[in-house]
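Student: coordinates only, no sequence provided:
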Ligand code: UD1
């Protein structure tokens, strides 16, 4: 398994490109199942999770192409075309769903287009139990019959889905996306109440509308969908990745650097910029993206709580914690979205951080410096928080289990090295 070696202490300087958003691309790819036309997605990132979704869709019968050929035989393209002329198989097997929870996003589109779907239950994962009950209950509200047998969601709607009002008891990004897609082809109107407002949902709605769907209110907590008989193909450009943006904002801050994040958009990371400002990190929009640098001397500790959009994202909580380890004073970080999302804490402490966790809150007392160490992470965002710590630490950090990073960060070591970091991938023989 590959490892990443980092020698800390170098400030990041220069410019760094932001990729297309993984969490926007995954539902957009699933939306290709809704039509027999061709969906062409531009600005698609090269990531393991995208490859997993492509494998899943391919076995449902979707023809997938990517422009551009890389010198090493892979692909260098950014435009992915997906065409589900015929859905040849409606089962999403355990082997693929277990690799990536977002696989459950095929449930709504398969039900809406093919009238049935058999999707493996994703099961638990490293950051908590993460059930899919809201997806299932929502599909039932749209008239689907659902049984849970043998670890699978067996869903059918032989006479098609029927629009309904769906009130979500909790805000769920995935459930909102799944039901939004399903509702586009349901008979009549659907209203999603307490819908998630994440930019990835707005991006999905924008693409669905370009495919012929009738949707109002995406980006608010009440989305109205008027079902149509069929959707058609379209072209769509994926929004920039706000989690990657926020991660590099914190990488710049932790190394006392000065970097332009090219392609980043301030409105996607408003809560992050607002939270970091009192810590002494300045974020300014430029014609090409965002300029991030430290101002006002040492970093100051700040208190942050994760929330659904437009609040501070849970997917940046681990990175913020790494940043706070060397801040002056204390920081209080509260995780409200996922249980058990503090697995990075013991590893950060092995690098010299002073962190105490009590239930969903971590108290981080800043230390003068971190020291490099061999570390290992259990999920995507925890892994990258250890990379940030390594960039600031004295000496060498070796990050194991790099495959977590490859799920969500495109060319991470190249992007950081181009800004002056001493970071390299050690490929396993
Ligand atoms: C998405 C993101 C993920 C991010 C998360 C929260 C993708 C591919 N993934 O995940 O990176 O961390 O949003 O911003 O976009 N819940 C239920 N029942 C359900 C569904 C969710 O109880 O049926 C709970 C979850 O356990 C969690 C909360 O709702 O506590 C929010 O989860 P959700 O927004 O659904 O996360 P995902 O869509 O899985």
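Tutor: That came in fine, so what should we check first? Just so it is clear, the model here is predicted, and its values are computed rather than measured. Numbering: from 1, shown residues only.

Student: which residues does the residue of the chain most remote from its centre contact?
Tutor: Here the chain reaches farthest from its C-alpha mean at residue 159, the gap being 34.2 Å by C-alpha atoms, centre = their mean. Contact analysis of residue 159 by C-beta atoms under 8 Å, 6 or more residues apart in numbering lists 115, 143. Backbone N, C-alpha and C define where each C-beta goes, glycine included.

Student: SS state for it?
Tutor: coil (DSSP: H, G, I helix; E, B strand; the rest coil).

Student: that one and the ligand, how far apart?
Tutor: 25 Å (C-beta to the nearest ligand atom, to the nearest Å).

Student: close to the ligand, is the strand or helix carrying residue 383?
Tutor: Using DSSP states H and E, residue 383 sits within helix 380-392. No: against the ligand, helix 380-392 shows no contacts by C-beta under 6 Å from any ligand atom, the least distance being 7.8 Å.

Student: beyond that helix, next helix or strand please.
Tutor: Trace forward from helix 380-392 with DSSP H and E and the next one is strand 396-400.

Student: how about residues contacting the next helix or strand after that next one?
Tutor: Following strand 396-400 in sequence order, the next helix or strand is helix 403-408 (DSSP H and E). Residues outside helix 403-408 that contact it (C-beta under 8 Å, 6+ apart): 1-2, 4, 22, 47-49, 100, 243-244, 377-384, 387, 399, 412.

Student: and what of stretch 167-175?
Tutor: Contacts to stretch 167-175, defined as C-beta under 8 Å, 6+ apart, come from residues 23, 101-102, 104-105, 132, 134-135, 138, 176, 192-196, 198, 200-201, 221, 308.

Student: show me which of those neighbour the ligand.
Tutor: 23, 101, 102, 132, 134, 135, 200.

Student: export the residues you listed to CSV and append columns for neighbour count.
Tutor: Converted to CSV, those look like this (neighbours: other C-beta atoms under 10 Å):
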residue, neighbour count
23, 24
101, 18
102, 24
132, 19
134, 19
135, 26
200, 26
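
Student: where along the stretch 151-300 of the chain do the helices fall?
Tutor: Here the stretch 151-300 of the chain has its helices, by DSSP state H, counting those that start in this stretch, at 173-184, 199-210, 242-254, 270-276.

Student: of all these, which one is nearest residue 227?
Tutor: Closest to residue 227 of these, according to C-beta to C-beta: helix 173-184, at 6.4 Å.

Student: how far off centre is the closest one?
Tutor: 16 Å (C-alpha atoms, centre = their mean, to the nearest Å).

Student: could you list the buried residues of it?
Tutor: Of the residues in helix 173-184, 173, 174, 175, 176, 177, 178, 179, 180, 181, 182, 183, 184 count as buried by neighbour count, 16 or more other C-beta atoms under 10 Å.

Student: equivalent analysis for stretch 83-91, please.
Tutor: Buried, per 16+ other C-beta under 10 Å, within stretch 83-91: 83, 84, 87, 90, 91.

Student: what's the offset of it from the middle of its chain?
Tutor: Offset of stretch 83-91 from its chain centre (C-alpha atoms, centre = their mean): 26 Å.

Student: average pLDDT for that stretch, rounded please.
Tutor: Across stretch 83-91, the average pLDDT comes to 98.

Student: can you get me the start-to-end distance on that stretch?
Tutor: One end of stretch 83-91 to the other measures 18 Å (C-alpha to C-alpha, to the nearest Å).

Student: what's that stretch in contact with?
Tutor: 32-39, 57, 59-64, 110, 113-114, 116-119, 152, 233.

Student: hmm, stretch 35-46 touching the ligand?
Tutor: No: judged by C-beta under 6 Å from any ligand atom, stretch 35-46 stays clear of the ligand, getting no closer than 12.7 Å.

Student: pull out the buried positions in that stretch.
Tutor: Result for stretch 35-46 [16+ other C-beta under 10 Å]: buried residues 35, 36, 37, 38, 39, 40, 41, 43, 44, 45, 46.

Student: start to end distance for that stretch?
Tutor: Using C-alpha to C-alpha, the gap from the first to the last residue of stretch 35-46 comes to 24 Å.

Student: do stretch 1-12 as well
Tutor: The first and final residues of stretch 1-12 sit 27 Å from each other (C-alpha to C-alpha).

Student: what residues does the stretch 201-350 of the chain put near the ligand?
Tutor: 313, 314, 315, 337, 338.

Student: got the contact list for residue 333?
Tutor: Counting by C-beta under 8 Å, 6+ apart, residue 333 touches 303, 304, 305, 317, 320, 321, 324, 361, 362, 364.

Student: kindly report the same for residue 176.
Tutor: 168, 192, 195, 196, 201, 223.

Student: give me the neighbour count for the last one.
Tutor: Neighbour count for residue 223, taken as other C-beta atoms under 10 Å: 25.

Student: can you check the second one too?
Tutor: Applying other C-beta under 10 Å, we find 27 other residues in the vicinity of residue 192.

Student: touching, it and residue 180? I think so.
Tutor: Yes: with contact defined as C-beta atoms under 8 Å, residue 192 counts as touching residue 180 (6.6 Å).

Student: you'd agree residue 315 is in a helix?
Tutor: Yes: per three-state DSSP, residue 315 lies within a helix segment.

Student: now it. Nearest residue, chain neighbours left out?
Tutor: Residue nearest to residue 315 in three dimensions, not counting chain neighbours: residue 243, with 4.6 Å by C-beta to C-beta, 6 or more residues apart in numbering.

Student: and for residue 7?
Tutor: residue 422 is the one closest to residue 7 (C-beta to C-beta, 6+ apart), at 4.0 Å.

Student: quick check, pLDDT for the residue of the stretch 151-300 of the chain found nearest the ligand.
Tutor: In the stretch 151-300 of the chain, the residue found nearest to the ligand is residue 174; the distance is 2.7 Å by C-beta to the nearest ligand atom. Model confidence at residue 174, given as pLDDT, is 97.
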